[in-house]
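1. kindly return the folded structure for what I paste below:
(one chain, ligands or ions: 1)
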Amino acid sequence: MTTPWEDWDHVLKVDPDKSLVDGETFDDVCETGTDAIEVGGTLDVTTEKMQRVIDACRKHDVPLYQEPSNPAVVVDDDALDGYLVPVVLNAGDPFWITGAHKEWVRIADLDWERTTTEAYVVLNPEASVAEYTEADCDLGADDVAAYAEVAERMFGQEIVYVEYSGTLGDTDVVEAAAEALDDATLFYGGGIGDYEAAYEMGKHADTVVVGDLLHDEGVDAVRQTVEGVRDAHADW
Ligand code: 1GP
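-> Here you go, the predicted structure:
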């Protein structure tokens, strides 16, 4: 079975709570060359804000996914290719491992054909995602590699997501996670700010996720990161 993310070098994560750089539009965002757009954020996300981004991207061909941070913000819309639902393997609060998911399934009729989980390992203790999931970020490369193997082998996860949101991560950790996986797609996200960072992480990760850069620097900077990871994948 092939999955769409197997072919993704680059994902752009749009935070519906943050604005674009002055003068840029979602048409520009959809034309950065990224392989997919994930709409999701940790704080103050509402369905209205989600919907606004989806509507602005709907006429473009770039695959569009929602990454709901909790069941209350899920948007049902044909413009979405699917839902990528975080499961935080190293969360201290089990709500973020199975609790939120159980609530969602209890209250809604999920579209399983379009729903996939992402097995997160959250590694930047300063990030809001680490704070509110109470993630244990005090992990070595061996721990992260073991989590990756648990995700793939025990829980059948198709996506393992090494998440350093807000800071550039340790390439040894990303490499260890990559080596632990056979078929699952390894996402890396956090602190990608330019071509070089995207290239470095692209040496190990299958898919490099870029977030804040879009809101802080804009689409030209994002385009550089697309090139960085593509070049890394061509060279390695
Ligand atoms: C966040 O992994 C993404 O979930 C991207 O992180 O915002 O630091 O690029 P940045």
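2. any residue of stretch 128-146 touching the ligand?
-> No - judged by C-beta under 6 Å from any ligand atom, stretch 128-146 and the ligand are separated, with a smallest distance of 6.9 Å. Quick note: C-beta positions are derived from backbone N, CA and C, even for glycine.
3. same question for that stretch: list its buried residues.
-> Judged by neighbour count using 16 or more other C-beta atoms under 10 Å, the buried positions of stretch 128-146 are Val129, Ala130, Tyr132, Thr133, Ala135, Asp136, Leu139, Ala141, Asp143, Val144, Ala145, Ala146.
4. run the chain-centre distance for it.
-> Distance of stretch 128-146 from the chain centroid (C-alpha atoms, centre = their mean, to the nearest Å) equals 16 Å.
5. then the helix or strand hosting Val29 to CSV, C-alphas only?
-> Secondary structure from DSSP states H and E places Val29 in helix 26-30. This file holds the C-alpha atoms of helix 26-30, laid out as CSV (Å, rounded to 0.1, in the frame of the first residue of the first chain):
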residue,chain,number,x,y,z
PHE,A,26,-2.7,32.1,0.8
ASP,A,27,-2.3,31.9,-3.0
ASP,A,28,1.4,32.6,-2.5
VAL,A,29,1.5,30.1,0.3
CYS,A,30,0.0,27.4,-1.9
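6. so what does that helix touch, helix or strand wise?
-> With contacts taken as 3 or more C-beta pairs under 8 Å, 6 or more residues apart in numbering; DSSP states H and E, helix 26-30 sits against helix 47-57, helix 219-235.
7. Leu12: which of those helices is closest?
-> Of all these, it is helix 219-235 that lies closest to Leu12, at 6.2 Å by C-beta to C-beta.
8. can you confirm whether stretch 181-193 lies near the ligand?
-> Yes - for a cut-off given as C-beta under 6 Å from any ligand atom, stretch 181-193 has contacts with the ligand, namely Gly189, Gly190, Gly191, Ile192.
9. name the element Met201 belongs to?
-> Following DSSP H and E, one finds Met201 within helix 195-202.
10. is that helix anywhere near the ligand?
-> No - interface with the ligand: helix 195-202 contributes nothing (C-beta under 6 Å from any ligand atom), its closest point being 9.5 Å away.
11. which residues touch that helix?
-> Contacts to helix 195-202, defined as C-beta atoms under 8 Å, 6 or more residues apart in numbering, come from residues 9-10, 168-169, 171, 174, 188, 191-192, 208, 210, 224-233, 236.
12. which bits of this structure sit near the ligand?
-> Residues of the chain lying near the ligand by C-beta under 6 Å from any ligand atom: 13, 163, 165-166, 189-192, 209-213.
13. quick one, what contacts the closest residue to Ile159 other than its chain neighbours?
-> Distances taken as C-beta to C-beta, 6 or more residues apart in numbering place Glu118 nearest to Ile159, at 4.4 Å, with adjacent residues excluded. With contact taken as C-beta under 8 Å, 6+ apart, Glu118 is in contact with Glu67, Leu84, Val85, Pro86, Val87, Gln157, Ile159, Val160, Tyr161, Phe187.
14. point me to the residue of the protein nearest the ligand.
-> Closest to the ligand within the chain is Gly189: 2.0 Å, counting by C-beta to the nearest ligand atom.
15. is the nearest residue to that residue once chain neighbours are set aside in a helix, a strand, or coil?
-> Excluding the flanking residues, the one nearest Gly189 by C-beta to C-beta, 6+ apart is Val209, at 3.4 Å. Using DSSP: H, G, I helix; E, B strand; the rest coil, the structure places Val209 in strand.
16. tell me the bridge partners for the most centrally placed residue in the chain.
-> The residue lying closest to the centre of the chain (C-alpha atoms, centre = their mean) is Val209, at 5.7 Å. Assessed by DSSP bridges, Val209 has beta-bridge partners Val11, Gly189.
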